[in-house]
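A.B. asks: what shape does this take:
(one chain, ligands or ions: 1)
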Amino acid sequence: MAYPDTRLRRMRRDAFSRRLMRETVLTTDDLIQPVFVHDATGRAPVASMPGVERLSIDELLRVAEAASELRIPALALFPVTAPEAKSLHATAAWDEDGLAQRAVRALKSRFPQLGVITDVALDPYTAHGQDGLLDDTGYVLNDATVDALVKQALSHAAAGADVVAPSDMMDGRIGAIRVALEEAGHVHTRILAYAAKYASAFYGPFRDAVGSAAALGKADKTTYQMDPANADEALREVALDLDEGADMVMVKPGLPYLDIVRRVKDTFGVPTFAYQVSGEYAMLKAAAANGWLDERACALEALLAFKRAGADGVLSYFALDAARWLRDA
Ligand code: PBG
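C.D. replies: Take a look at the predicted model:
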């Protein structure tokens with residue numbers, strides 16, 4: 001039907017009809033707040049991520065309380081490891097008294113209903129900042145790294161983590177972790193697989209936050225994280241992780257990869273998450289600080305776009321702010 005019978009602006013004319021025809025909603029149920037925890041007192045700002053701080057366990061509990069009150073479903077925990085705890089074999093990663101494990105226990109004892117997601121990857125613990133163990137040539141060994149990741153995931157589950165989230169991109173790690181969790185009796189522990197994780201330059205501020213940037217130096221992660229040029233390969237990664245026992249899959253980074261989110265959701269129809277990563281956050285914050293963008297409007301628009309692309313939820317450094325904005329809207 002052509003104009004004037006069809007006038008798409010009719011439905012846009014009033015708020016009531018705009019609301020009625022709205023296809024996608026963003027709610028607090030869709031948000032996961034990443035948090036950085038350090039083995040020091042108080043809070044320390046992250047220069048490249050204005051508004052984000054590294055938190056002591058005490059301060060983490062304050063943030064968890066705010067998240068609980070706002071009804072954010074879950075936090076994703078990232079430990080900042082002191083240089084002396086880093087090593088070639090990353091053994092601190094599965095220390096039952098390690099920072100991540102202590103933080104999980106503190107969170108679960110104070111806020112049992114708040115979901116706790118842990119990062120399963122060795123980069124905070126390796127002296128070289130790679131997500132795995134190296135051979136003599138500096139190549140990241142796959143199977144030896146998987147063995148280490150299994151120990152790390154088991155220690156998180158034992159501490160009470162609800163969800164373990166392997167973010168390393170080794171082959172076969174989801175299956176190995178799933179089998180080990182079952183054998184240890186952790187049958188309820190969910191696995192959120194960073195299934196399609198790209199070798200992205202947008203992780204820069206995160207590496208500052210956890211202190212792995214200096215260790216990594218000029219090295220990159222292109223021998224295990226995906227090439228940003230590829231999309232079909234992402235579907236293969238997701239298929240394998242689901243086959244190996246992942247409960248949820250993730251695409252990372254977020255906004256530049258919404259085509260991948262859409263294809264994953266359409267192809268598999270499984271719980272699909274996206275990570276609005278540190279660089280995406282930093283870009284919005286920097287533009288807002290300069291008065292070039294409206295922070296609230298742009299952040300909420302970006303988060304809604306993840307939903308429209310098919311994501312069931314988003315890991316976002318804006319999660320707490322967004323929950324407040326949504327509540328006060
Ligand atoms: C490490 C990890 C990274 C992020 C989450 N887990 C960085 C990397 O792979 O180098 C990035 C998150 C962000 O940029 O916000 N395994």
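A.B. asks: what's the closest non-adjacent residue to R18?
C.D. replies: Distances taken as Cβ to Cβ, 6 or more residues apart in numbering place R12 nearest to R18, at 5.9 Å, with adjacent residues excluded. C-betas here are computed from N, CA, C, even on glycine.
A.B. asks: hmm, R22 and the one you found touching each other?
C.D. replies: No: the pair R12 / R22 is not scored as a contact, 11.0 Å apart, by Cβ atoms under 8 Å.
A.B. asks: quick check, the lowest-mean-pLDDT helix or strand in the chain touching the ligand?
C.D. replies: Least confident helix or strand, the chain: helix 213-216 with a mean of 86, by mean pLDDT, DSSP states H and E. No: if you take Cβ under 6 Å from any ligand atom as the test, helix 213-216 misses the ligand, and the best it gets is 7.6 Å.
A.B. asks: buried residues in that helix?
C.D. replies: Across helix 213-216, burial judged by 16 or more other Cβ atoms under 10 Å covers A213, A215, L216.
A.B. asks: would you mind measuring from the second one to Y317?
C.D. replies: To tie it back to what came earlier, the one meant is A215. 22 Å (Cβ to Cβ, to the nearest Å).
A.B. asks: contacts only, for A100.
C.D. replies: Neighbouring residues of A100 by Cβ atoms under 8 Å, 6 or more residues apart in numbering: V37, L77, P79, T118, D119, H156, A159.
A.B. asks: what of Q130?
C.D. replies: Taking Cβ under 8 Å, 6+ apart as the criterion, Q130 is in contact with L122, D123, V140, L216, A219, K221.
A.B. asks: before we move on, which element is the closest residue to T189 other than its chain neighbours in?
C.D. replies: Spatially, and ignoring its direct neighbours in sequence, T189 is nearest to A157 (4.5 Å; Cβ to Cβ, 6+ apart). Assigning secondary structure by DSSP states H and E places A157 in helix 142-159.
A.B. asks: circling back to that earlier point, give me the number of residues near the residue nearest to R18?
C.D. replies: By other Cβ atoms under 10 Å, 11 other residues sit near R12.
A.B. asks: same check on the one 4 residues further on?
C.D. replies: As a burial measure, the neighbour count of F16 was computed by other Cβ under 10 Å and equals 8.
A.B. asks: repeat for L304
C.D. replies: Neighbours of L304 (other Cβ under 10 Å): 17.
A.B. asks: that one belongs to a helix?
C.D. replies: Yes: when DSSP: H, G, I helix; E, B strand; the rest coil is applied, L304 is found to be in a helix.
A.B. asks: show me the contacts for it.
C.D. replies: Counting by Cβ under 8 Å, 6+ apart, L304 has contacts T24, V25, L26.
A.B. asks: buried among those residues? Make that a ChimeraX selection.
C.D. replies: A single ChimeraX command selects the buried members of those (16+ other Cβ under 10 Å):
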select :26
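A.B. asks: coming back round to it: from the ligand, how far off is the residue nearest to R18?
C.D. replies: Remark: distance between R12 and the ligand (Cβ to the nearest ligand atom, to the nearest Å) = 35 Å.
A.B. asks: now do the host helix or strand of L181: which elements does it pack against?
C.D. replies: For L181, the element it lies in under DSSP H and E is helix 173-183. Helix 173-183 sits against helix 142-159, strand 163-166, strand 190-197, helix 232-244, with contacts defined as 3 or more Cβ pairs under 8 Å, 6 or more residues apart in numbering; DSSP states H and E.
A.B. asks: just tell me which of these ends up closest to the ligand.
C.D. replies: strand 190-197 (6.8 Å; Cβ to the nearest ligand atom).
A.B. asks: now do that closest one against helix 142-159, angle only.
C.D. replies: Using axes from the mean of the first three to the mean of the last three Cα atoms, to 10 degrees, the direction of strand 190-197 lies 150 degrees away from that of helix 142-159.
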